[in-house]
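Student: what's the 3D shape of this:
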Amino acid sequence: MWEVAVIEDAAAAGAALDPIRARLLSELAEPGSASSLAVRVGQPRQKVNYHLRELERHGLVELVEERRKGNMTERVLQATASSYVISPAALAAVEPDPSRSPDRLSARWLLAVGARLVREVGTLITGASKAGKRVATYTLDGEVRFATAHDRAAFAEELTNAVAGLVAKYHDEKAAGGRAYRVILAVHPSIPQTAGDEMKAAEAAQADEKKES
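Tutor: The predicted model follows:
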């Protein structure tokens, strides 16, 4: 079982988003049969079995073992991953395109870039899995608390200059056998933990924008 799997097919995405099937995927973090799942989700075994067949058809669950029970064979299944990410590739023609309106200060452009990240890394993971290899990636995740909007702007400028310097230092357009890597840096407000904090964060963000304008 993978920790995270990427869903790139629209039909598979639809199957995973169905409320009952999503619940079954969650329950199948551990192996289970239609009979055992029917009790846990409160649905008839026949209905659960139908949903399991659909999930299996789209590669979201897989057969673990078959158990003989009297004149019947019980199929034990398990989800292929602990969690799933739906790639924008499943949206086909309407998937976000960062090239349409590049604006490093736009939250919507950040979202489009993030969507492209999911699609491209998802494609790499799919190909690497088939080849039995790993994808060479690096991720840095952290949090910084700015005292003022001015500090935030200064941080962004320094970060831009630092990364531009590193790219200029290591980028080699003519390197024989070299491979290009995409570099993405994003800075956005942290998501508050409570509704009250969320309101305060929204008000603070609006106040910052007024100061900058």
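
Student: all strands for the chain, in order.
Tutor: Along the chain, the stretches classed as strands by DSSP state E are 2-7, 32-33, 61-69, 72-79, 81-86.

Student: tell me what angle the first one forms with strand 81-86.
Tutor: Here strand 2-7 runs at 30 degrees with respect to strand 81-86, directions being taken by axes from the mean of the first three to the mean of the last three Cα atoms, to 10 degrees.

Student: buried ones in strand 2-7?
Tutor: Neighbour-count burial for strand 2-7 flags 5-7 (criterion: 16 or more other Cβ atoms under 10 Å). Every residue, glycine included, has its C-beta placed from N, CA and C.

Student: and for that strand, what's in contact with it?
Tutor: If you take Cβ atoms under 8 Å, 6 or more residues apart in numbering as the criterion, strand 2-7 is touched by 13, 16, 60, 80-87, 90, 118, 121-122, 125-126.

Student: CA atoms only for that strand - export them in PDB, please.
Tutor: Output in PDB follows, covering the C-alpha atoms of strand 2-7 (Å, rounded to 0.1, in the frame of the first residue of the first chain):
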ATOM      1  CA  TRP A   2       1.300   3.400  -1.000                       C
ATOM      2  CA  GLU A   3       1.100   6.400   1.500                       C
ATOM      3  CA  VAL A   4      -0.300   8.600  -1.300                       C
ATOM      4  CA  ALA A   5      -1.600   7.700  -4.700                       C
ATOM      5  CA  VAL A   6      -2.500  10.100  -7.600                       C
ATOM      6  CA  ILE A   7      -5.700   9.700  -9.500                       C
END
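
Student: if we can go back for a sec, which of the strands of the chain is buried the deepest?
Tutor: Neighbour counts (mean count of other Cβ atoms under 10 Å) averaged over each of the strands of the chain peak at strand 32-33, with a mean of 21.

Student: other residues contacting that strand?
Tutor: 40, 67, 74-78.
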